[in-house]
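1. How does the following fold in three dimensions:
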Amino acid sequence: CMTTPNYPYNYWNNQFCSVNVLERAELTVFAFDTESHYDWLAISPPNGPPSIQCSASTDGCFAGSQGPDGVVVEAGSALVFQSDQMVTRSGFRLCAGTDRLST
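-> Model prediction:
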């Protein structure tokens, strides 16, 4: 499973963390609350650089209360979280169907 730093309490400003996906899996979101438009969870493409350049219309980017529940991630991709320097929220807790994520 993956959580934001300090979950279930508010994560901190200027946070960055990345988790590698070891095998194909479907994500289940148990909680998701980040600052809309500013604090993101991004899913990078398999074997690509972790993408943190998100906007509201960017595929594979999630913010606010819209987490990646039911999204299938491929082996070699990464889940990347980044917060800005302002508002914080409780963050998220999500797990992979096979629970094969590696920090």
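2. and stretch 13-27, which residues are buried?
-> 15, 17, 19, 21, 24, 25, 27 (16 or more other CB atoms under 10 Å). (Glycine included, C-beta is placed from N, CA and C.)
3. so what's the last one up against?
-> Contact criterion CB atoms under 8 Å, 6 or more residues apart in numbering gives 67, 68, 69, 70, 71, 72, 73, 94, 95, 96, 97 as the residues in contact with residue 27.
4. Could you give the number of residues near the second one?
-> It refers to residue 68. Other residues within reach of residue 68, judged by other CB atoms under 10 Å, total 21.
5. For it, what is the enclosing helix or strand?
-> Secondary structure from DSSP states H and E places residue 68 outside every helix and strand.
6. Name all residues that make contact with it.
-> So, once contact is read as CB under 8 Å, 6+ apart, residue 68 ends up touching 27, 29, 41, 43, 62, 94.
7. one more time with 6 Å
-> By CB atoms under 6 Å, 6 or more residues apart in numbering, residue 68 lies in contact with 27, 62.
8. What distance do you get for it to residue 61?
-> 9 Å (CB to CB, to the nearest Å).
9. same deal with the first one?
-> Using CB to CB, one gets 11 Å for the distance from residue 67 to residue 61.
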